[in-house]
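Trainee: Got a predicted structure here, sequence first:
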Amino acid sequence: MQLARITLTGIAAALAATLSMAAVPARAMAETNAGRIKPRDDKPFVAVPVATFDEPWAIAFLPDGRMLITEKPGRMYLVDPRGRKTPVAGVPKVAYGGQNGLLDVAVAPDQAATHAIYFTYMEPGPGGSSLALARATLDTAGGSAALRDLRVLWRQAPKGSGGQPGGIIAFAPDGRHLFLTSGDRMRPDTAQDPDQALGKVLRLNLDGSTPPDNPWSSQGGVRAQTWTTGHRNPYGLAFAPDGRLWMDEMGPKGGDELNLIVRGRNYGWPIVSNGDNYNGTPIPRHATHPEFEAPVIYWTPVIAPAGLAFYTGSLFPQWQGSAFIGGLRARALARITFDDHGGATEADLWDMGNRIRDVAVAPDGALWVIEDGGDGRLLRLTPRKP
């Protein structure tokens, strides 16, 4: 990975940007390091392999129990609970390589009526690639599957190089807005540049337009679309049952984060982190800059958090309201519990034996996870019988 270098000029510019964007004071929050917790082998569930994929990236369940699964090289599949795969035609060409490619997929809030889905990918073009958000109709007539009426709703500009794309989609509980993570593309200073859509969480209307009640909507452009800023590589985003929005993101050398996402806040990257640069140079800790929002949980050593999903099913009633996070570096699945005041605790960390890229909850209450890599397995998790 590229070194996260911070220059004096970059810090000065970032601080100026922070002052210009900050609309509310940062909220004090106790930070907990869960990085020393070791994965457990005694899993309370049975993991049954259902299918395998080539560099799978995301899982999204349709109302009928089938799921959509993306593969980073640029393929999408419609998959039934038994693992039978139907290729989805009409996926646009993606810029594939390293951390880039076809990324997240999400089912529209009105999917039962419109058959609409949303997905993100790295769009190739002059100068490199950039994150794109698209909407399409999923046509499953005649036993096949295809994307129709595809429209790109939003794209980051200008195009360039680098990994760490972000690209996670989450729909607001009211079904009227979507939130989108955009990573810093290994260009750390962009996370504090209010005019670049990198290192941000964006809030858009379902048609890609800008909501008039965003924090900086009157400023236009990227600023108007921005919900929070100062992020590095966000790979998990989900609303809790109580309506709070949570996000996990990868830190540099140390300092993976679980953040409570609050309107208008700045989360500090690259000015602060609970990790350091890959070349060994230190980064100031969150506690030294209380104007920035600190993570609720951080991991040093890192777990490389990926997919994030909240459990609301019936098969594991004891886990109602818990969140599950896939660990790439940790090769594990984490369970997070929450209190009523915006606090969180890592309650469990299970050794899965492989890198876990994404996690989802099926309509029947089963947990599903997918492994990273060339032969990534799709696993269905159900309670282990006594």
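Mentor: Yep, that arrived.
Trainee: What segments of the protein are helices?
Mentor: Secondary structure of the chain by DSSP state H: the helices cover 8-21, 111-114, 221-225.
Trainee: Quickly, which of those helices bottoms out on average pLDDT?
Mentor: Between these, the one with the least mean pLDDT is helix 8-21; it has a mean of 38.
Trainee: So residue 320 sits against residue 310, correct?
Mentor: No - distance between residue 320 and residue 310: 9.3 Å, which falls outside the contact criterion (C-beta atoms under 8 Å). Quick note: C-beta positions are derived from backbone N, CA and C, even for glycine.
Trainee: more neighbours, those two?
Mentor: With neighbours defined as other C-beta atoms under 10 Å, residue 320 and residue 310 compare such that residue 310 has more, 20 against 12.
Trainee: Now do the contacts for that one.
Mentor: For residue 310, the contact set (C-beta atoms under 8 Å, 6 or more residues apart in numbering) comprises 238-241, 321-324, 361.
Trainee: measure the nearest residue to residue 221 once chain neighbours are set aside to residue 224 for me?
Mentor: For residue 221, ignoring the flanking residues on the chain, the nearest one in space by C-beta to C-beta, 6 or more residues apart in numbering is residue 195 at 6.6 Å. When C-beta to C-beta, to the nearest Å is applied, the distance between residue 195 and residue 224 equals 11 Å.
Trainee: Could you do residue 261 as well?
Mentor: Applying C-beta to C-beta, the value for residue 261 to residue 224 is 18 Å.
Trainee: now the closest residue to residue 238 other than its chain neighbours, which residues is it bridged with?
Mentor: Excluding the flanking residues, the one nearest residue 238 by C-beta to C-beta, 6+ apart is residue 308, at 4.7 Å. Taking DSSP bridges as the rule, residue 308 bridges to residue 325.
Trainee: got the contact list for residue 308?
Mentor: By C-beta under 8 Å, 6+ apart, the contact set of residue 308 is 168, 236-238, 246-248, 323-325, 359.
Trainee: and these as CSV, adding pLDDT, distance to residue 131 and neighbour count?
Mentor: Rendered in CSV, the data for the contacts of residue 308 read as follows (pLDDT from 0 to 100; distance: C-beta to C-beta, whole Å; neighbours: other C-beta atoms under 10 Å):
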residue, pLDDT, distance to residue 131, neighbour count
168, 98, 11, 28
236, 98, 16, 24
237, 98, 14, 25
238, 98, 19, 21
246, 98, 21, 23
247, 98, 16, 26
248, 98, 18, 31
323, 98, 24, 23
324, 98, 25, 25
325, 98, 22, 29
359, 98, 22, 25
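Trainee: so which of the residues you listed comes closest to residue 179?
Mentor: residue 237 (6.2 Å; C-beta to C-beta).
Trainee: Residue 49 and residue 378 touch, don't they?
Mentor: Yes - using C-beta under 8 Å, residue 49 and residue 378 qualify as a contacting pair, with a distance of 7.1 Å.
Trainee: quick one: which of those two has more around it?
Mentor: More crowded of residue 49 and residue 378, by other C-beta under 10 Å: residue 378, with 23 against 11.
Trainee: Least confident secondary structure element in this protein?
Mentor: Of all the helices and strands that make up the chain, helix 8-21 has the lowest average by mean pLDDT, DSSP states H and E, namely a mean of 38.
Trainee: quick revisit: would you mind giving the contacts of residue 310 as TSV with distance to residue 151 added?
Mentor: What follows is these, written out as TSV (distance: C-beta to C-beta, whole Å):
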residue	distance to residue 151
238	25
239	25
240	30
241	31
321	36
322	36
323	32
324	32
361	28
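Trainee: now, which of the residues you listed sits nearest residue 355?
Mentor: Proximity of these to residue 355 was ranked by C-beta to C-beta; the top entry is residue 324 with 15.0 Å.
Trainee: Do a quick rundown of the strands in the stretch 201-350 of the chain.
Mentor: 226-229, 233-239, 245-250, 256-261, 297-299, 305-310, 323-327, 332-338, 344-351 (DSSP state E, counting those that start in this stretch).
Trainee: which sections of this structure are below the confidence cut-off?
Mentor: Where the chain drops to pLDDT under 70, the residues are 1-30.
Trainee: Was I right to think residue 335 contacts residue 344?
Mentor: No - contact between residue 335 and residue 344 fails when scored by C-beta under 8 Å: they sit 10.8 Å apart.
Trainee: Need the residues touching each of those two.
Mentor: Applying C-beta under 8 Å, 6+ apart, one finds that residue 335 and residue 344 are jointly contacted by residue 323.
Trainee: Show the contacting residues for residue 119.
Mentor: Shown in contact with residue 119 (C-beta under 8 Å, 6+ apart): 70, 76, 102-106, 133-134, 136, 169.
Trainee: Overlap in contacts, residue 320 and residue 310.
Mentor: Common contacts of residue 320 and residue 310, defined by C-beta under 8 Å, 6+ apart, comprise residue 241.
Trainee: residues in contact with stretch 40-52?
Mentor: Counting by C-beta under 8 Å, 6+ apart, the neighbours of stretch 40-52 from elsewhere in the structure are 79, 81-85, 316, 348-352, 367, 369, 375-384.
Trainee: Now restrict these to buried residues only.
Mentor: With neighbours counted using 16 or more other C-beta atoms under 10 Å, those contain these buried positions: 79, 81, 85, 316, 348-352, 367, 369, 376-381, 383.
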